[in-house]
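Visitor: dropping a prediction and its sequence here:
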Amino acid sequence: ADVVLRGYSGYNTRWALRVLDRVLSSVDSPPAALTIFFGANDASLPDRSSAFQHVPLHEYRQNLIDLIARIK
């Protein structure tokens, strides 16, 4: 089995949804297992220099649901 790593430094769930189809299409066969780790950038404080990465909690939750649904 092959292990394919994809890391997107600085990405939040909003941006992950935009690139997900391209990422999945770059893999030769459907994955047997997949780990999603997002949240640190989504949790950036909205009143700081990293505000462009902030995703409100309700949107973050929905984005995770959408990511999982598109992967299935």
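Guide: Nice, thanks for sending it over.

Visitor: from residue 30, how far off is residue 11?
Guide: As judged by C-beta to C-beta, to the nearest Å, residue 11 and residue 30 stand 22 Å apart. Where you see a C-beta, it was placed from the backbone N, CA and C, and this is true even at glycine.

Visitor: of the two, who's got more company?
Guide: Here residue 11 and residue 30 are compared on neighbour count by other C-beta atoms under 10 Å; more neighbours surround residue 11, at 17 against 8.

Visitor: didn't the more buried one look like it was pressed against residue 38?
Guide: Yes. With contacts counted by C-beta atoms under 8 Å, residue 11 reaches residue 38, the gap being 7.3 Å.

Visitor: residues near the closest residue to residue 11 other than its chain neighbours, how many?
Guide: Leaving aside its chain neighbours, residue 11 sits nearest to residue 41 (6.4 Å; criterion: C-beta to C-beta, 6 or more residues apart in numbering). Using other C-beta under 10 Å, residue 41 has 20 neighbouring residues.

Visitor: for this structure, which segments count as helices?
Guide: With DSSP state H as the criterion, the chain has helices at 13-25, 57-71.

Visitor: other SSEs contacting the worst-scoring helix or strand of the chain on mean pLDDT?
Guide: Taking mean pLDDT, DSSP states H and E as the measure, helix 13-25 is the helix or strand of the chain with the lowest mean score, a mean of 93. In terms of contacts (3 or more C-beta pairs under 8 Å, 6 or more residues apart in numbering; DSSP states H and E), helix 13-25 is packed against helix 57-71.

Visitor: just the buried residues of the helix it packs on, please?
Guide: Using 16 or more other C-beta atoms under 10 Å as the burial criterion, the residues of helix 57-71 that qualify are 60, 63, 64, 67.

Visitor: so who does residue 41 touch?
Guide: 10, 11, 12, 50, 53, 55 (C-beta atoms under 8 Å, 6 or more residues apart in numbering).
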